[in-house]
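>>> A predicted structure for the sequence below; I have some questions about it.
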Amino acid sequence: MTENTYRWDSKDYAQHSGAQQRWAHELLAGLALRGDERVLDIGAGDGKVTAAIADRLPSGFVLGVDSSEAMVRLARKRYGAEAPHLRFEQMDAADLRFEEQFDVIFSNATLHWVRDHRPVLRGIKRALAPEGRVLVQMGGRGNAGAVLEAMNSVLARERWRPYFEGFEFPYGFYDPGEYRPWLAEAGLRPLRLELVSKDMQHEAAESLLGWLRTTWLPYAERVPAGRRGVLFDEVLAQYLKAHPPDPDGVIHVAMVRLTVEAVHA
């Protein structure tokens, strides 16, 4: 994204992003697509959600953009040749280069990677057709709070502290009160702007470890590659100490999403 470019392991992410995909499909159900729209998917990742959008557009088109070259490469390999109405491009969310081209602009589990959302929203406004609509969801205020507590507890330990000197919280987890003025500034009018609680479930510790490893990259990349596994093992143990599995063996992570539905002001 705009402030940092992380080295994504695209295949590892694809294997451990099931919750993000489920939440994306919940969002898609609310789009009520006719089938002829032009759709922009910001933060296409490995492409599976963008491809699902394409399935709903027999007479339309979807472009998936992502800042990660590895993700775009994987998406093109998996889905890019399957449908003429589906395309992927590498592009930063804060540098969208479109003018009134899209009827729908969609994004799921992406924009919290950007701390300053104002240029993103200006680009969305420019890209949106006059009667178009926006539906995005991202991590919101309080998201993954218990995971962050475990992470901070581990990072305070002497063996990890030197790696995180000067480290700043990398995510933009905002609430409706913060977001509303940015929408107005960009020329967008919110139809829906709310925090939504989500229960992320992992069937085993290895699943949670995979999610930590593949989505908390700002922390991983502060540590030498050979020690990252040890770091996340400690974070996992700290989290499970405070939040053990339920009687069925399922591990729960309380998440908070900021949902934004908007149109031109």
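Looks like it came in fine.
>>> average model confidence for stretch 190-202?
Stretch 190-202 comes out with an average pLDDT of 96.
>>> Return the distance of it from the chain's centre.
13 Å (C-alpha atoms, centre = their mean, to the nearest Å).
>>> how about the helices of the chain, start to end?
For the chain, applying DSSP state H gives helices covering 10-15, 18-29, 48-55, 69-75, 118-127, 145-155, 176-186, 205-215, 217-220, 228-242.
>>> Mean pLDDT and mean neighbour count for those - can I get that in JSON lines?
Just so you know, the C-beta spots here come from the backbone N, C-alpha and C atoms, and that holds for glycine as well. Converted to JSON lines, the helices of the chain look like this (pLDDT from 0 to 100; neighbours: other C-beta atoms under 10 Å):
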{"stretch": "helix 10-15", "mean pLDDT": "48", "mean neighbour count": "17"}
{"stretch": "helix 18-29", "mean pLDDT": "76", "mean neighbour count": "17"}
{"stretch": "helix 48-55", "mean pLDDT": "93", "mean neighbour count": "22"}
{"stretch": "helix 69-75", "mean pLDDT": "91", "mean neighbour count": "20"}
{"stretch": "helix 118-127", "mean pLDDT": "98", "mean neighbour count": "20"}
{"stretch": "helix 145-155", "mean pLDDT": "98", "mean neighbour count": "17"}
{"stretch": "helix 176-186", "mean pLDDT": "98", "mean neighbour count": "15"}
{"stretch": "helix 205-215", "mean pLDDT": "91", "mean neighbour count": "20"}
{"stretch": "helix 217-220", "mean pLDDT": "92", "mean neighbour count": "18"}
{"stretch": "helix 228-242", "mean pLDDT": "97", "mean neighbour count": "17"}
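>>> For residue 97, find the nearest of those.
Nearest to residue 97, of all the helices of the chain, is helix 118-127, at 7.9 Å by C-beta to C-beta.
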